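>>> sequence and computational prediction follow.
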Number of protein chains: 2
Amino acid sequence: MSRMSAAERRPVLIEAGVRVIAREGIAGASTRAIVAEAGMSLASFHYAFESREAFLDELTASVVARESQAVLPLPEAGGDMREVVEAGLVRYLDHLRADPAHEQAMLELTQHALRAPERHPLAVAQYRRYADLAEEALTLAAERAGATWRVPVPEVASVLIAFSDGITLNWLVHRDDRAALAAARAAADALSRMAAPR
Amino acid sequence: MSRMSAAERRPVLIEAGVRVIAREGIAGASTRAIVAEAGMSLASFHYAFESREAFLDELTASVVARESQAVLPLPEAGGDMREVVEAGLVRYLDHLRADPAHEQAMLELTQHALRAPERHPLAVAQYRRYADLAEEALTLAAERAGATWRVPVPEVASVLIAFSDGITLNWLVHRDDRAALAAARAAADALSRMAAPR
DNA sequence: CGCGAACTGGGACACTCGTCCCAGTTCGAC
DNA sequence: GTCGAACTGGGACGAGTGTCCCAGTTCGCG
């Protein structure tokens, strides 16, 4: 590997790590597998990162930070709240179908963070980010639909995230687009009932 | 370890395996950790099971097979469909709160099964079992509420499972009972709208 | 009682893992 | 150009892994 500063190396390793985890899971993401994917030597890894755990923590944080293209911007669908929310969920489903490995990797990172108490804040931060995105999307949706949320937006967002997670997990198991769409429709229905026309 | 036939040993090892996975995750469920938990020697493990993977497969199947106390029987709540479904979900939440490690273990087993194509059928079977339970519960709920499902029950079940999964995952991250209840209420609302009074 | 099959414990194997070390190379600053 | 710091590759380490082997023990059956 040509010369490269530790600071430049970190993002390269993280990209490689994301690819390996998507392909093989966290269990398969050994330091050796990661440096092989990145095309560098093992020593470079521990020159750039203190440990594999520290690497995984930074990877999680970094991948979560840019988790935004999935839902936003909302597709420009008109209609009432139900339709707008459903369009948003359908858009998310498209994203999921386009890159299932990525979403599966996110799930695995969550579970990995859940396993050790000292990593729990990472999982919370991950979901904090999801919540921010969801709130933004929901506010936008209310604007589009000309409605207001009767329930505080953060609470609506929390329900939206729970629904998306469940739909994701089920789609990963069955790869059943119809079922996912049906669930998305039901979710949109439930969510839209937390809003009232303005 | 006192003398024991391979056939008797298998369930004992599986119980031990479930405890280890709940405590330490699949990654921590080494053959040595499992036999230590079961109080037997390493050789007994491979006398009873061909390999660790075969063991995990059988463990998954066995644990899924008896996954039923969580939802059924439905608590005897009267009321309309929304109330009955909500009561069922609340009951599931109680079960989740009582033994989070178990639900987390189930999630990990699903993801483990999703990782290798040859184990994918196991994940599907796991969800097939969930679907059966959900269908049973939904049919019972319709009876209780004196209503009928306007949508085929299997489809309602699939939505119910997606919602429960999502609520579970989010509760495992945040341990936020209020948020889980809010999501359960929203889910019950959406589901009940797939039924009509008889 | 005897005998063959079933089961046992302990040790060993080949391997992978995260991490570390160290002698070399390459760079930027002076 | 020199020099010190930054970076490199390769090899080694100790620990942990799944699996296997084998000499012993124990049991049920005849």
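Received the coordinates, thanks. Note that this is a predicted model, so its numbers are computed, not measured.
>>> quick check: mean pLDDT of the lengthiest helix in chain A?
Assignment by DSSP state H gives helix A:120-145 as the longest helix of chain A. Average pLDDT, helix A:120-145: 95.
>>> what helix or strand is A:Ala196 on?
strand A:195-197 (DSSP states H and E).
>>> gap between that strand and the chain center?
28 Å (CA atoms, centre = their mean, to the nearest Å).
>>> quickly check: it near chain B or not.
No: for strand A:195-197, no contact with chain B is found by CB under 8 Å from any CB of the partner chain; the gap never falls below 12.0 Å. C-betas here are computed from N, CA, C, even on glycine.
>>> just the element for the residue in chain A that chain B sits nearest to, please.
Taking CB to the nearest CB, chain B has its nearest neighbour within chain A at A:Gly166, 2.8 Å off. Here A:Gly166 sits within helix A:153-174, counting by DSSP H and E.
>>> and for A:Glu15, nearest residue in space, chain neighbours not counted?
Distances taken as CB to CB, 6 or more residues apart in numbering or on different chains place A:Ala38 nearest to A:Glu15, at 7.6 Å, with adjacent residues excluded.
>>> pull out the buried positions in stretch A:170-177.
Of all the residues in stretch A:170-177, those buried under the rule 16 or more other CB atoms under 10 Å in any protein chain shown are A:170-174.
>>> show me what the lowest-mean-pLDDT helix or strand in chain A is packed up against.
Lowest on mean pLDDT, DSSP states H and E among the helices and strands of chain A sits strand A:195-197, with a mean of 92. With contacts taken as 3 or more CB pairs under 8 Å, 6 or more residues apart in numbering or on different chains; DSSP states H and E, strand A:195-197 sits against helix A:120-145, strand A:147-149.
>>> out of the ones you listed, deepest packed?
helix A:120-145 (a mean of 18; mean count of other CB atoms under 10 Å in any protein chain shown).
>>> other SSEs contacting that one?
Against helix A:120-145 (3+ CB pairs under 8 Å, 6+ apart) you get helix A:52-65, helix A:81-98, helix A:100-115, strand A:147-149, helix A:153-174, strand A:195-197, helix B:153-174.
>>> between the ones you listed, which one is closest to DNA strand C.
Minimum separation from DNA strand C across these (CB to the nearest atom of the strand) falls at helix A:52-65, 3.6 Å.
>>> quick one, that closest one and helix A:100-115 angle?
Angle of helix A:52-65 versus helix A:100-115, following axes from the mean of the first three to the mean of the last three CA atoms, to 10 degrees, is 130 degrees.
>>> just the buried residues of helix A:52-65, please?
Of the residues in helix A:52-65, A:55-60, A:62-64 count as buried by neighbour count, 16+ other CB under 10 Å.
>>> domains of chain A?
Following automatic domain parsing, one finds the domains of chain A at A:6-50, A:67-197.
>>> single out the most deeply packed of those domains.
domain A:67-197 (a mean of 19).
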